[in-house]
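[1] What shape does this take:
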Amino acid sequence: MAALAPTSLSKHPLSSESPTQIFGSSVQIGEIQPTQFRFWTSFRSNTGVRLKASAEPPALTRGDKQESIVEMESGCDFFDKMKHRFLRFKSHKYLENSEHYQALSKAQAPKFMVIACADSRVCPSNILGFEPGETFTVRNVANLVPTFESGPSETNAALEFAVNTLEVENILIVGHSCCGGIRALMSMQDEADSSSFIRSWVIVGKNAKLSTKATASNLDFDRQCTHCEKESINNSLLNLLTYPWIEERVKKGVLSLHGGYYDFVDCTFEKWTLDYKGSIKDGKNRVVVKDRSFWC
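    Numbering: from 1, shown residues only. A predicted model of the protein is given here:
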């Protein structure tokens, strides 16, 4: 499959002029401020933290005080929660399964590779119950897989290691509802904008966008985005076949390629498997799937 050529782009998807957000629906700045205020009010009332006045001259201490306030507002309380979560993990999982974790310290042999979105609401280990050592995971904006011809990226570096070194038996691409990366892709116009890393990345899904526009143009924009979220998964499954060492293993039957779609609005999961022989029939790469199931 030929590399996807860069396409001219429009406004930056994260600019204040555009409602598009990469990891969720649009949020205006004015909407964020009350949330921050409520968090800070809650923080002050729940933690019992009190700021003591200093006897030193204000000119010598003002900067330190401001830094302390900023530090407390920005994450000290959350890091304290993280500490307790880690200690609970160590006590209830690590120490209770010490043999398993000691074995993992020497080597890993996961059967699965998962390619998921970087969206904070879509943690594959959380929603699918993966335990340490079970899956080699890479996450990027919109769970995209570039073609082999596209050149180096973090995603295909992870693919090379997972397939050629770890010899995983399954690759699962997990897409999701309300994907801001796909919305950015669907919102792109034809004016050039080479300064945006996001736009330069999501153009990997260009074929999914074109397919969506061709088959779902009668739908409103939100439903077109939902259609493209699933179409993009299939586009990435086909892109996997552009890697010679992936196609070779799929052809031999030692590697299977799967798609998954997590709808976190109603908490459902759709899973399917790429039918390799059907997809390459007559020399035309197209998406043919099998073993489709719906979990709800």
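
[2] Now do the helices for the stretch 51-200 of the chain: every range, in order, please.
    For the stretch 51-200 of the chain, applying DSSP state H, counting those that start in this stretch gives helices covering 58-71, 77-89, 98-104, 124-128, 154-160, 180-187, 197-202.

[3] From the rest of the structure, what touches the fifth one?
    What that stands for is helix 154-160. Under the contact criterion Cβ atoms under 8 Å, 6 or more residues apart in numbering, helix 154-160 has outside partners 113, 115, 136, 138, 140, 144-146, 148, 150, 171, 240, 243, 245-246. Every residue, glycine included, has its C-beta placed from N, CA and C.

[4] What are the buried residues along that helix?
    Within helix 154-160, the residues that count as buried by 16 or more other Cβ atoms under 10 Å are 155-156, 158-159.

[5] Quick check, central residue of the chain?
    Cys117 (1.3 Å; Cα atoms, centre = their mean).

[6] who does it bridge with?
    Asn140 (DSSP bridges).

[7] how about it, what does it touch?
    Contacts for Cys117 (Cβ under 8 Å, 6+ apart) come out as 139-143, 174-176, 179, 181.

[8] okay, those residues in a markdown table with distance to Phe197 and pLDDT next?
    Listed next are the contacts of Cys117 as a markdown table, based on distance: Cβ to Cβ, whole Å; pLDDT from 0 to 100:
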| residue | distance to Phe197 | pLDDT |
| --- | --- | --- |
| Arg139 | 16 | 98 |
| Asn140 | 12 | 98 |
| Val141 | 9 | 97 |
| Ala142 | 13 | 98 |
| Asn143 | 17 | 98 |
| Val174 | 22 | 98 |
| Gly175 | 21 | 98 |
| His176 | 21 | 98 |
| Cys179 | 17 | 98 |
| Gly181 | 12 | 97 |
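
[9] Can you tell me which of the residues you listed is nearest Pro124?
    Closest approach to Pro124 among the contacts of Cys117 (Cβ to Cβ): Val174, at 5.6 Å.

[10] looking at the sheet around the closest one, what are its partners?
    Here Val174 sits in beta bridges with Ala116, Gly260, going by DSSP bridges.

[11] Surely it and Val114 touch.
    Yes: counting by Cβ atoms under 8 Å, Val174 touches Val114, with 6.1 Å between them.

[12] mind checking which helix or strand of the chain has the lowest mean pLDDT?
    helix 29-47 (a mean of 40; mean pLDDT, DSSP states H and E).

[13] low pLDDT regions in the stretch 1-150 of the chain?
    Residue ranges of the stretch 1-150 of the chain with pLDDT under 70: 1-75.

[14] one more time with 90
    Along the stretch 1-150 of the chain, the parts satisfying pLDDT under 90 run over 1-78.

[15] which ones are touching Leu257?
    By Cβ under 8 Å, 6+ apart, Leu257 lies in contact with 170-171, 173, 237, 240-241, 246, 250, 273-274, 276.

[16] and with 6 Å instead?
    Counting by Cβ atoms under 6 Å, 6 or more residues apart in numbering, Leu257 makes contact with 171, 237, 240, 274.

[17] Checking my notes, Phe294 in a strand, right?
    Yes: looking at Phe294 with DSSP: H, G, I helix; E, B strand; the rest coil, it is inside a strand.

[18] what number of residues lie near the spatially closest residue to Asn285 that is not a sequence neighbour?
    Among residues not flanking Asn285 along the chain, Leu238 sits closest, at 5.5 Å (Cβ to Cβ, 6 or more residues apart in numbering). Neighbour count of Leu238, defined by other Cβ atoms under 10 Å: 20.
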